[in-house]
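Undergrad: Build me a model:
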Amino acid sequence: MASRGRSGGSNSVIGVPQQLVNEVEETFKRILKETEKVRDEHATDMSVHQAISIVLDRHPDLRQVGLAHEVLQWYICRMEAWFAADANMISLKNRDQASSLSEHVLSGGHGLMVQGYHPLIKALSKVRVKKISQLYDKVVVSVDDGTYFIADAAIVTVPLGVLKANLIEFEPSSVQFPIWKLAMKIRLPFSSIKYSGLMWNY
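TA: Numbers count the residues shown, from 1 in each chain. Now for the predicted structure:
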């Protein structure tokens, strides 16, 4: 699953055919190959982003539109992740010191989250948590529609009213609040500016 956020798009997930991914990958390799010519033509260094812009101006046929453009942005994102820097901060002269082209595209289809993972988080936030359980070294969060989520850890940030009403069940009993914390939770008044941090050992 690849993510490249953009404004003004829809909230849907777009399926990307594998053939399109392969075609854009080849185009991306050609673009990077052309940036090597740009590098050899200039005595001073420049960013990879600037070099790609020069290549696309020289070779308009390498420009991508529509979904192909989104896939190209994904390849640029992967390169940026490899260098842990934005394309406008990556040195053109030193780019090929890291073998970023040696990675292989995984088989199967791909997907683009058009507006990043925000739509996914927004959809999940519409469910009501009923129980938080500790199972061995995992945390299981159960929601009211019967589904559950398994994670290595969970950060519980719920309104005070939810805690006071005991709307979330903690399991096993060792995860429950100690008596003195329960008493404090009951006495704690509602306020828009007061925060309380609780910590306990499992």
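Undergrad: Please count neighbours and contacts with C-alpha atoms only from this point.
TA: OK.
Undergrad: From the contact counts, what lies against whichever strand or helix holds Cys77?
TA: Here Cys77 sits within helix 66-83, counting by DSSP states H and E. Packing contacts for helix 66-83, counted by 3 or more Cα pairs under 8 Å, 6 or more residues apart in numbering; DSSP states H and E, involve helix 18-41.
Undergrad: 6 Å instead?
TA: The criterion is 3 or more Cα pairs under 6 Å, 6 or more residues apart in numbering; DSSP states H and E, and there are no helices or strands that helix 66-83 contacts.
Undergrad: Quick check: buried residues in that helix?
TA: Buried residues in helix 66-83, counted by 16 or more other Cα atoms under 10 Å: 68, 70-77, 79-80, 83.
Undergrad: The protein: strands as residue ranges?
TA: Here the chain has its strands, by DSSP state E, at 2-3, 13-16, 110-117, 129-135, 138-143, 148-151, 169-171.
Undergrad: CSV for the ones you listed, including distance to Arg63, mean neighbour count and mean pLDDT?
TA: What follows is those, written out as CSV (distance: least, Cα to Cα, whole Å; neighbours: other Cα atoms under 10 Å; pLDDT from 0 to 100):
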stretch, distance to Arg63, mean neighbour count, mean pLDDT
strand 2-3, 20, 16, 38
strand 13-16, 18, 14, 64
strand 110-117, 19, 18, 65
strand 129-135, 46, 18, 88
strand 138-143, 45, 17, 91
strand 148-151, 41, 12, 89
strand 169-171, 54, 16, 84
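Undergrad: Just put those in TSV and tack on distance to Pro159.
TA: Formatted as TSV, the strands of the chain follow (distance: least, Cα to Cα, whole Å):
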stretch	distance to Pro159
strand 2-3	31
strand 13-16	31
strand 110-117	24
strand 129-135	12
strand 138-143	17
strand 148-151	21
strand 169-171	15
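Undergrad: Would you mind saying which of the ones you listed lies nearest His42?
TA: Smallest distance to His42 across the strands of the chain (Cα to Cα): 33.5 Å, for strand 2-3.
Undergrad: How is the chain divided into domains?
TA: Residue ranges for the domains of the chain, per automatic domain parsing: 2-120, 127-187.
Undergrad: most tightly surrounded among those domains?
TA: domain 2-120 (a mean of 15; mean count of other Cα atoms under 10 Å).
Undergrad: Please report how far Ala123 lies from Arg58.
TA: Distance, Ala123 to Arg58, by Cα to Cα, to the nearest Å: 43 Å.
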